[in-house]
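# predicted model, plus sequence, below.
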There are 4 protein chains.
Amino acid sequence: MASIGFIGLGRMGHAMSRNLVEAGHEVWVYDINPEAVARIAGLGGHAASSAADAASNRQFVVTMLPNGPDVEDILFGSPGVANAMAKATLFIDMSTIAPEATDRIATRLSRIGIAMLDAPVGGTSEVAERGQLLILAGGASRDVEAAAVIFDAVGRQTIHCGDNGTGTRTKIVNNFMSTALNTLTAETLAFAEAAGLDVARTVEVLAGTTAGKGFVTGAYQRKVLGGDISAEFGLGLASKDLNLALSYAAGLNVPLSVGAAAAQIYSMSKAEGFGGNDWSAVLETLRRKSALEPVHYPD
Amino acid sequence: MASIGFIGLGRMGHAMSRNLVEAGHEVWVYDINPEAVARIAGLGGHAASSAADAASNRQFVVTMLPNGPDVEDILFGSPGVANAMAKATLFIDMSTIAPEATDRIATRLSRIGIAMLDAPVGGTSEVAERGQLLILAGGASRDVEAAAVIFDAVGRQTIHCGDNGTGTRTKIVNNFMSTALNTLTAETLAFAEAAGLDVARTVEVLAGTTAGKGFVTGAYQRKVLGGDISAEFGLGLASKDLNLALSYAAGLNVPLSVGAAAAQIYSMSKAEGFGGNDWSAVLETLRRKSALEPVHYPD
Amino acid sequence: MASIGFIGLGRMGHAMSRNLVEAGHEVWVYDINPEAVARIAGLGGHAASSAADAASNRQFVVTMLPNGPDVEDILFGSPGVANAMAKATLFIDMSTIAPEATDRIATRLSRIGIAMLDAPVGGTSEVAERGQLLILAGGASRDVEAAAVIFDAVGRQTIHCGDNGTGTRTKIVNNFMSTALNTLTAETLAFAEAAGLDVARTVEVLAGTTAGKGFVTGAYQRKVLGGDISAEFGLGLASKDLNLALSYAAGLNVPLSVGAAAAQIYSMSKAEGFGGNDWSAVLETLRRKSALEPVHYPD
Amino acid sequence: MASIGFIGLGRMGHAMSRNLVEAGHEVWVYDINPEAVARIAGLGGHAASSAADAASNRQFVVTMLPNGPDVEDILFGSPGVANAMAKATLFIDMSTIAPEATDRIATRLSRIGIAMLDAPVGGTSEVAERGQLLILAGGASRDVEAAAVIFDAVGRQTIHCGDNGTGTRTKIVNNFMSTALNTLTAETLAFAEAAGLDVARTVEVLAGTTAGKGFVTGAYQRKVLGGDISAEFGLGLASKDLNLALSYAAGLNVPLSVGAAAAQIYSMSKAEGFGGNDWSAVLETLRRKSALEPVHYPD
Ligand SMILES: NC(=O)c1ccc[n+]([C@@H]2O[C@H](COP(=O)([O-])OP(=O)(O)OC[C@H]3O[C@@H](n4cnc5c(N)ncnc54)[C@H](O)[C@@H]3O)[C@@H](O)[C@H]2O)c1
Ligand SMILES: NC(=O)c1ccc[n+]([C@@H]2O[C@H](COP(=O)([O-])OP(=O)(O)OC[C@H]3O[C@@H](n4cnc5c(N)ncnc54)[C@H](O)[C@@H]3O)[C@@H](O)[C@H]2O)c1
Ligand SMILES: NC(=O)c1ccc[n+]([C@@H]2O[C@H](COP(=O)([O-])OP(=O)(O)OC[C@H]3O[C@@H](n4cnc5c(N)ncnc54)[C@H](O)[C@@H]3O)[C@@H](O)[C@H]2O)c1
Ligand SMILES: NC(=O)c1ccc[n+]([C@@H]2O[C@H](COP(=O)([O-])OP(=O)(O)OC[C@H]3O[C@@H](n4cnc5c(N)ncnc54)[C@H](O)[C@@H]3O)[C@@H](O)[C@H]2O)c1
């Protein structure tokens, strides 16, 4: 049984600390909201009187707070969790915060000899209730292994992303895509409705094509990520279709901000000479715009 | 066995007309490129001397041309396919063209008593080779049924989307989403690489979350399309995560045009009061921006 | 006194043809709206019975129609203005239409030996009333000179932009900037208001800086267009300020779509190594994205 | 003569502190870069050994540092400037920082009884050299008056924007517009060049229209800000022109990200029913998207 300090008992932290209690661990909980503390205490947890109190003499200290400044305050404000922790404590921040904040925290903790993991989670609070989160962990392998006792109680899968900072970065990149895709999905369905289409039938169609299924795996693996940009679906045709959609939508007064931004990337890609290549070659265009080393594709 | 005129023998038209010949139909083919004609003639098709020649006295005339102006030229230029067709001919345009063009064509053909289908296809040329296209048909039910003899030879599934124009519109909406998603995917992977992440491992993570799987079905069905916008994943949190990503990417000099456009839609949605609702409520925001009738969600 | 056919008597065409009549020319006018024709006839113009009628035997034929397809219809539909015009007639399209349409029209008219000018105008209908339009003319010098008799009656300044097509292109480029700037202005003022600022005082501030005055001339001439991208205002600082604005606006739920798109271009520019150069170096980034030949700046 | 602590002697701070020395003030300067300190000491300033040293016993303390975190560190780190200042000291931050940072600083200083101004500046380092900066000051009137002795030495004009925080906000809003306008200008000129136009002649045209002159004053004052959105230039026409530009540019492979974003706002505005109103009505659309109270225009 592990002794755990758990700070931040909101929608996520409540569910996670409850799962830890139910798994038989000794969990000292703290939140600025006393009712949140009382709820977990009522289920077998221990109420701590402050964050520092929750953190003293534990094997693990977990934070599940809204944002980076909250975690930095808790750690380095006064009285701070950083000073309260024993040298042997493993600090695990599971909040979704800015990578810059994770980096600062890792640096400051390492200076005082405390190991940490950044381990943000995938899944909603409902998934957290069921102990089925996806955990994206950044840090040393032995620390990820040591934390398995915690991760197994709150999640269904742990992916070790690399060194400190990679858990947070992977989470941010993942949520970048999902949150933007959410907007793209909404634009598409508003467009369908404004075009006079039956939305349910359109959803059925989308569900059967790359539009709905995505192509992070499959197409991308087969093509650009595999070093092959010969046309399976031509980038020029993709650009044509997208511009047809934008013109048509303009006539309907349907704003397609996300799609309009995408169309400009196709223009850049065609200007770079990728019009006759696979549409996944748009990645190569964006890589170059980001000053990443160009890949040399065979002619 | 049907008698078919087929005009446009490019990457798609070649494969489709070959499949029709192989299915045992009498196919008269035409393309401005004589070699393309010769290739199909060599496989058992009949070489027509002009588009009008290909179209005279056929049960079906199919066009698979680059864009709307090409189809309108072929039909209404001189000598035009429109005048060459018999009253009983069913005209089927399978090209991807602007909805406005489809509407004009349908109107002009109906004035001279000729039935038409707009039936653009989903799938690449490689899918066309295998006769496995997805056909999105707009027009009268009896015409879609009559065309089954053709659609079955070139495709694996036909979806009847509604009246004339809905096939084209469904295709445009579908490809809007897939082509924009392609760019979003590329932005995400360039971002991951610039953030120092292992791209292959990131792809693995994305593949397991909504980022990679999409949520046209599932989440959207369950929530906003079902009239429920209570938070499963809060719109405000989604917005926070997206803005964290944009700030971080700005520091890395990674352009995220698609994502930056999406972030503004979240701001609008929060300004409308949807911050505490499900992230799919962004659809309701976009519906209103498009002057679609607001849905009244229970409080 | 010139004999002029004038087609299209809307907000702009009414004012322009009136000015031509008042300048003492013989003007035959046509519009599908008979009331519009009657109004000019009442002021001394001649009512034509059709577009072709207005165009027969004139020195000049002017069109002022909504969009490109309207002009092409009038010219090449039946009975068409193209055939009605005498060889010596100078055709002048003053509508704002797509460059592709202007190019098609110029080509078809030149085949039948008729000279044309594309001469779209700058200025609102109120400016047209006062005969103070800006005329952007594309075509042969001698035709622009010949048309002075017309341009002087309706405008205050004629700029000869180059060959056929350059008038339309200059107009499209100009209005691209003004219409987008209008939105940027609106974003800025909505942002100011949401930030709790006094809008009138903010307008005063903007009016005194490059924000309100622009820098097409001045800064751009001095710097990037003159081959000098040494920092006057650093591109990296500009990018920092823009990102500060976007972060702050995100917290206020103010959508800044235009600004968010601009921020991505700065990221590209910094990734290309222009962070320490003048902010006008963003032009060099966009030139490269458009496949224009890079300029070699001294180090 | 005033006694002044000046912290941050970079491109701007060097010029400003030099102007203060030359105006005859006693200036104690500090920068982490000792050479920067030595340069001003060589001109008659006093070298301070730390930020706190520069700030002790002064009438004014000025900071001109890169960004918000730098200012907060200097003030509240240890040994901090906040504690070093006397109760009568007026603290003036002239850096461009996030409004949230300004607010936090103002609150913390007011708790310890120290008055502050946020007074960021407009103008480049070259303008700073000449003592011609524009000063945007937020804070109490009496403090702005007291600071005139400083502002007059470094600037040509001081605008008192309102309470603490409004200087920073005005600066951020102003630079939002200028930095985004810079990108729009670059898009326009790249577009002109790709369209085959003579760039110098295009610049001349732009300089004479709203494209180049802007319309923060004039048009906006006359129309939407004055409560009048009757069409001077119709929003629908503006939208048409912008979409013509985008279609044409797409064919040229010229990316117009800023313009494409703007086009979507026009779509929203037309969907709201403003198509027949003045193009400045786009402000009303954006105000509503930002949850600002709608203005009721007369019908
Ligand atoms: N909700 C989700 O679906 C979800 C999914 C994945 C990740 N996340 C991330 O998990 C984190 C937590 O999210 P949440 O939904 O539980 O948020 P929440 O707002 O429900 O909970 C945050 C909790 O932290 C407490 N808190 C704030 N400051 C504190 C302090 N200084 N000391 C002690 N307690 C403090 C609050 O009282 C609150 O109980 C966030 O970073 C979020 O982005 C959330
Ligand atoms: N390639 C794909 O993966 C794909 C997938 C789905 C839909 N589509 C759509 O299918 C249509 C055709 O695409 P494609 O890839 O076959 O294009 P393509 O360019 O390979 O072929 C077009 C053919 O039309 C011929 N053509 C052009 N004008 C003609 C005329 N006036 N008369 C006769 N023939 C003429 C050309 O010679 C050419 O052979 C397009 O609308 C495209 O958007 C393509
Ligand atoms: N209004 C402005 O402020 C302004 C400024 C600069 C440029 N422009 C451009 O000038 C052109 C005309 O604009 P407007 O504001 O006068 O438009 P409008 O809609 O007021 O007028 C167009 C006129 O053309 C007529 N018309 C349409 N089709 C016709 C046909 N087939 N035959 C004969 N007449 C036909 C209509 O009946 C109408 O009277 C447009 O291209 C516009 O973009 C307008
Ligand atoms: N340069 C311009 O054209 C311009 C125009 C208007 C506003 N501004 C704003 O003015 C501010 C300063 O800009 P700049 O161009 O002078 O920047 P800069 O980078 O040239 O100078 C910053 C100075 O601060 C010093 N510094 C950094 N951290 C310090 C610390 N902890 N203690 C002491 N000194 C420290 C640095 O050594 C450097 O000398 C910025 O906020 C900028 O956005 C700049």
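Thanks, I have it. Not measured: the values here are computed from a predicted model. Numbering: from 1, shown residues only, chains lettered A, B, ... in the order given. Ligands and ions are numbered 1, 2, ... in the order given.
# what sits against the most centrally placed residue in chain A?
The centroid of chain A falls nearest to residue A:171 when counting by CA atoms, centre = their mean (2.4 Å). When contacts are counted by CB atoms under 8 Å, 6 or more residues apart in numbering or on different chains, residue A:171 touches A:96, A:120, A:121, A:122, A:136. Backbone N, C-alpha and C define where each C-beta goes, glycine included.
# which of these lies closest to residue A:158?
Within those, the smallest distance to residue A:158 is 8.1 Å, found for residue A:136 (CB to CB).
# in the sheet, who's paired with the closest one?
residue A:159 (DSSP bridges).
# could you point out which element follows the helix or strand residue A:177 falls within?
Using DSSP states H and E, residue A:177 falls within helix A:166-194. Note on helix A:166-194: by DSSP H and E, the next helix or strand toward the C-terminus is helix A:199-207.
# which strands or helices does that next one pack on?
helix A:166-194, helix A:210-213, strand B:155-162, helix B:166-194 (3 or more CB pairs under 8 Å, 6 or more residues apart in numbering or on different chains; DSSP states H and E).
# ok, 6 Å please
Applying 3 or more CB pairs under 6 Å, 6 or more residues apart in numbering or on different chains; DSSP states H and E, one finds that helix A:199-207 makes contact with helix A:166-194, helix B:166-194.
# what's the average pLDDT for the last one?
With pLDDT averaged residue by residue, helix B:166-194 scores 97.
# stretch A:79-90 too?
Averaging pLDDT along stretch A:79-90 yields 95.
# who touches it?
Contact with stretch A:79-90 is made by A:51-52, A:55-58, A:60-61, A:74-76, A:113-115, A:143, A:146, as judged by CB atoms under 6 Å, 6 or more residues apart in numbering or on different chains.
# so residue A:95 makes contact with residue A:69?
No: counting by CB atoms under 6 Å, residue A:69 is not a contact partner of residue A:95; they are 10.7 Å apart.
# next SSE after the helix or strand containing residue A:39?
Using DSSP H and E, residue A:39 sits within helix A:34-41. Per DSSP H and E, the first helix or strand lying C-terminal to helix A:34-41 is strand A:46-47.
# partners of that next one, with directions?
With DSSP bridges as the test, strand A:46-47 pairs up with strand A:26-30 (parallel).
# centre of the chain to the strand it pairs with, how far?
26 Å (CA atoms, centre = their mean, to the nearest Å).
# need the buried ones from the contacts of stretch A:79-90 selected in PyMOL.
The PyMOL command for the buried members of the contacts of stretch A:79-90 (criterion: 16 or more other CB atoms under 10 Å in any protein chain shown) is given here:
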select buried, chain A and resi 51+52+55+56+58+60+61+74+75+114+115+143+146
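# for the contacts of stretch A:79-90, work out which two are farthest apart.
Pairwise over the contacts of stretch A:79-90, using CB to CB, the maximum falls at A:76 and A:146, 23.7 Å.
# quick one, the helix holding residue A:177 and helix B:166-194 angle?
With axes from the mean of the first three to the mean of the last three CA atoms, to 10 degrees defining the directions, helix A:166-194 sits at 170 degrees from helix B:166-194.
# looking at the contacts of residue A:171, spot the one nearest chain C.
Closest approach between the contacts of residue A:171 and chain C, by CB to the nearest CB: residue A:96, at 15.8 Å.
# how about the secondary structure of the closest one?
What DSSP: H, G, I helix; E, B strand; the rest coil gives for residue A:96 is coil.
# which one is it nearest to, not counting chain neighbours?
Among residues not flanking residue A:96 along the chain, residue A:120 sits closest, at 4.8 Å (CB to CB, 6 or more residues apart in numbering or on different chains).
# neighbours of that neighbour, how many?
27 (other CB atoms under 10 Å in any protein chain shown).
# which helix or strand contains whatever residue of chain A ends up closest to ligand 3?
Going by CB to the nearest ligand atom, ligand 3 is nearest to residue A:250 of chain A, at 15.1 Å. Residue A:250 belongs to helix A:235-252 when assigned by DSSP H and E.
# CA atoms only for that helix, dumped as PDB, please.
Extracted as PDB, the C-alpha positions of helix A:235-252 are listed here (Å, rounded to 0.1, in the frame of the first residue of the first chain):
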ATOM      1  CA  LEU A 235      -2.700  17.400 -53.400                       C
ATOM      2  CA  GLY A 236      -3.900  19.600 -56.300                       C
ATOM      3  CA  LEU A 237      -7.200  17.800 -56.500                       C
ATOM      4  CA  ALA A 238      -7.600  18.100 -52.700                       C
ATOM      5  CA  SER A 239      -7.000  21.800 -53.000                       C
ATOM      6  CA  LYS A 240      -9.500  22.100 -55.800                       C
ATOM      7  CA  ASP A 241     -12.200  20.400 -53.800                       C
ATOM      8  CA  LEU A 242     -11.500  22.500 -50.700                       C
ATOM      9  CA  ASN A 243     -11.700  25.700 -52.800                       C
ATOM     10  CA  LEU A 244     -15.000  24.500 -54.400                       C
ATOM     11  CA  ALA A 245     -16.300  24.100 -50.900                       C
ATOM     12  CA  LEU A 246     -15.200  27.500 -49.800                       C
ATOM     13  CA  SER A 247     -16.700  29.300 -52.800                       C
ATOM     14  CA  TYR A 248     -20.000  27.500 -52.400                       C
ATOM     15  CA  ALA A 249     -20.100  28.200 -48.600                       C
ATOM     16  CA  ALA A 250     -19.300  31.900 -49.300                       C
ATOM     17  CA  GLY A 251     -22.500  32.000 -51.400                       C
ATOM     18  CA  LEU A 252     -24.400  30.500 -48.500                       C
END
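# by proximity to ligand 4, which residue of the stretch 51-200 of chain A wins?
For the stretch 51-200 of chain A, CB to the nearest ligand atom, closest residue to ligand 4: residue A:104, 16.0 Å.
# tell me how many other residues surround that residue.
16.
# which residue, other than its chain neighbours, is closest to it?
Using CB to CB, 6+ apart and skipping the chain neighbours, the partner closest in space to residue A:104 is residue A:72 (7.0 Å).
# swap in residue A:36?
residue A:9 (3.8 Å).
# isn't that neighbour up against residue A:31?
Yes: using CB under 6 Å, residue A:9 is in contact with residue A:31, at 4.0 Å.
# so, low pLDDT: which residues of chain A?
By pLDDT under 70, the low-scoring segments of chain A are A:296-299.
# domain-wise, how is it divided?
Residue ranges for each domain of chain A read A:3-170, A:215-289, as given by automatic domain parsing.
# any idea how far apart the tips of the last one sit?
With CA to CA, to the nearest Å as the measure, the ends of domain A:215-289 fall 22 Å from one another.
# mind checking how far the residue in the stretch 1-150 of chain A that ligand 1 sits nearest to is from residue D:139?
Of all residues in the stretch 1-150 of chain A, residue A:10 sits closest to ligand 1, at 1.6 Å by CB to the nearest ligand atom. Distance, residue A:10 to residue D:139, by CB to CB, to the nearest Å: 37 Å.
# with neighbour numbers in mind, choose between those two.
When neighbours are counted by other CB under 10 Å, residue D:139 comes out ahead of the other of residue A:10 and residue D:139, with 26 against 16.
# phi, psi of the residue lying closest to that one once chain neighbours are set aside?
Nearest non-adjacent residue to residue D:139, counting by CB to CB, 6+ apart: residue D:117, 3.9 Å away. For residue D:117, the backbone dihedrals (degrees, to the nearest 10) come out as phi -120, psi 140.
# which parts of the stretch 51-200 of chain A sit against ligand 1?
A:51, A:64, A:65, A:66, A:70, A:73, A:74, A:95, A:96, A:121, A:124, A:125 (CB under 6 Å from any ligand atom).
# looking at these, which is nearest residue C:219?
Here the nearest of these to residue C:219, counting by CB to CB, is residue A:96; it sits at 41.2 Å.
# distance check, the closest one against ligand 2.
The spacing between residue A:96 and ligand 2, counted by CB to the nearest ligand atom, to the nearest Å, is 39 Å.
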